[in-house]
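Novice: Prediction below, plus the sequence it came from.
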Amino acid sequence: PLHRELYALNPTTFFLPTFLKAISDNTEQSFRSIISEPSPGIFVFPMLQPDFCELLLSEIENFEKWVAEAKFRIMRPNRMNRYGAVLDDFGLEPMLDRLMDDFVRPLSRVFFPEVGGSSLDSHHGFVVEYGEDKDLDLGFHVDDSEVTLNVCLGKEFSGGELFFRGSRCERHVNTGTHSEEVFDYSHVPGRAVLHRGRHRHGARATTSGHRINLLMWCRSSVFREMKLYQKDFSDWCGECNRMKKERQRSTCAATRLVSLYLI
Ligand SMILES: [Zn+2]
């Protein structure tokens with residue numbers, strides 16, 4: 001490794017003081033003081049120190065160089081990204097464990113209780129690279145996670161916006177988008193986005209420069225187990241919600257009709 005100090009999480013060198021303070025206070029109010037929710041279920045906040053981003057970027061570069069020289073074939077992060085690396089595979093797993101336990105889970109407990117936010121217990125951590133001679137964009141998809149943390153590490157780039165189109169359960173993943181679900185987000189280095197894995201999204205083309213993002217897909221085995229046995233487990237799905245409201249409306253209308261008729 002190039003920078004050994006990255007391999008154990010050190011809160012004061014990794015995170016911005018505002019972020020640390022909000023997490024240690026550990027209340028919804030303290031979280032909301034640094035976190036904005038520009039669209040329902042999408043949480044945005046400044047998180048990482050610029051120096052830490054730079055260190056991590058050079059560590060990743062070093063790792064990739066080493067892999068190339070040794071002619072190793074490494075696992076790419078997922079089916080969609082050709083460029084990038086799984087962080088767990090080069091020794092960062094303990095650091096990411098702590099990132100999930102002490103930072104992502106407290107936030108998810110408050111913001112995503114309905115998808116097992118308080119019981120996140122495993123993760124898949126990786127970096128993705130976009131730009132010329134890398135992947136350019138990323139199609140519309142959902143993540144294999146309950147909660148996803150997506151932090152931009154740099155470098156200089158234009159484009160690469162994330163577009164969100166509403167949360168959907170397995171049954172409704174291909175249904176249309178309602179206007180209030182349309183949200184586009186522009187990355188800023190050091191800033192994080194936290195969203196449900198089932199919140200449909202994609203990334204537009206990075207039109208110049210290079211963009212590198214750290215992603216952590218956090219999963220809850222408890223939530224996955226419960227989902228198998230419990231029906232109607234998707235009140236967070238935009239389409240399930242819409243159908244439920246529709247049913248309520250027609251029931252109300254029927255009730256009104258009856259009461260009019262009985263007058
Ligand atoms: Zn649904």
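Specialist: Okay, I see it.
Novice: ok, which stretches of this structure are strands?
Specialist: If you assign secondary structure with DSSP state E, the strands in the chain sit at 36-39, 42-46, 84-86, 122-131, 138-141, 147-154, 157-159, 162-167, 182-185, 191-196, 199-203, 206-219.
Novice: looking at these, which is closest to the ion?
Specialist: Of all those, the one in closest proximity to the ion, counting by C-beta to the ion, is strand 162-167 (8.6 Å). All C-beta atoms are positioned from the backbone trio N, CA, C, and that covers glycine.
Novice: Could you find the closest non-adjacent residue to Gly84?
Specialist: Nearest residue to Gly84 in three dimensions, chain neighbours excluded: Val128, at 4.1 Å (C-beta to C-beta, 6 or more residues apart in numbering).
Novice: Could you list the contact residues of the stretch 151-263 of the chain toward the ion?
Specialist: Cys169, His172, Ser234, Cys237, Glu239, Cys240 (C-beta under 5 Å from the ion).
Novice: dump the residue contacts of the last one.
Specialist: To tie it back to what came earlier, the one meant is Cys240. By C-beta atoms under 8 Å, 6 or more residues apart in numbering, the contact list for Cys240 reads Cys169, Arg171, His172, Ser234.
Novice: now do the third one
Specialist: By C-beta under 8 Å, 6+ apart, the contact list for Ser234 reads Cys169, Arg171, Cys240.
Novice: Can you add pLDDT and give those back as JSON lines?
Specialist: Formatted as JSON lines, the contacts of Ser234 follow (pLDDT from 0 to 100):
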{"residue": "Cys169", "pLDDT": "92"}
{"residue": "Arg171", "pLDDT": "90"}
{"residue": "Cys240", "pLDDT": "91"}
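Novice: just checking, which of the residues you listed belong to helices?
Specialist: The members of those that map onto helices under DSSP state H are Cys240.
Novice: so which of the contacts of Ser234 comes closest to Pro46?
Specialist: When these are compared for distance to Pro46 (C-beta to C-beta), Cys169 comes out closest, at 31.5 Å.
Novice: Distance of that closest one relative to Asp135?
Specialist: Applying C-beta to C-beta, to the nearest Å, one obtains 28 Å for the distance of Cys169 from Asp135.
Novice: and Pro40, what pLDDT?
Specialist: We have a pLDDT of 96 for Pro40.
Novice: what's the burial count for the residue nearest to Leu48 when sequence neighbours are not counted?
Specialist: Across the structure, with C-beta to C-beta, 6+ apart as the measure, the residue nearest Leu48 apart from its sequence neighbours is Gly190 (4.5 Å). Around Gly190 there are 20 other residues, counting by other C-beta atoms under 10 Å.
Novice: which ones are touching Gly190?
Specialist: Applying C-beta under 8 Å, 6+ apart to Gly190 gives the contacts Leu16, Pro46, Met47, Leu48, Gln49, Pro50, Cys53, Val151, Cys152, Leu153.
Novice: Give the bridge partners for the residue lying closest to Tyr185 once chain neighbours are set aside, please.
Specialist: Using C-beta to C-beta, 6+ apart and skipping residues adjacent in sequence, the residue nearest Tyr185 is Leu162, 4.4 Å away. Beta-bridge partners recorded for Leu162 (DSSP bridges): Tyr185, Ala203.
Novice: What count of nearby residues applies to whichever residue of the stretch 1-150 of the chain sits closest to the ion?
Specialist: Here the stretch 1-150 of the chain gets closest to the ion at one residue, Val142, 12.0 Å apart by C-beta to the ion. Neighbours of Val142 under the rule other C-beta under 10 Å: 17.
Novice: That one is in contact with Cys169, isn't it?
Specialist: No. Here Val142 lies out of contact with Cys169, judged by C-beta atoms under 8 Å, at a distance of 9.8 Å.
Novice: which residues do these two both contact?
Specialist: With the criterion set as C-beta under 8 Å, 6+ apart, the overlap between the contacts of Val142 and Cys169 is Arg198.
Novice: Low-confidence ranges, the protein, go.
Specialist: The chain contains residues with pLDDT under 70 at 74-75, 79-80, 82-83, 231-233.
Novice: ok, the residue nearest to Phe111 when sequence neighbours are not counted to Arg32 distance?
Specialist: For Phe111, the nearest residue in space outside its immediate sequence neighbours is Phe43; the separation is 5.8 Å by C-beta to C-beta, 6+ apart. Using C-beta to C-beta, one gets 9 Å for the distance from Phe43 to Arg32.
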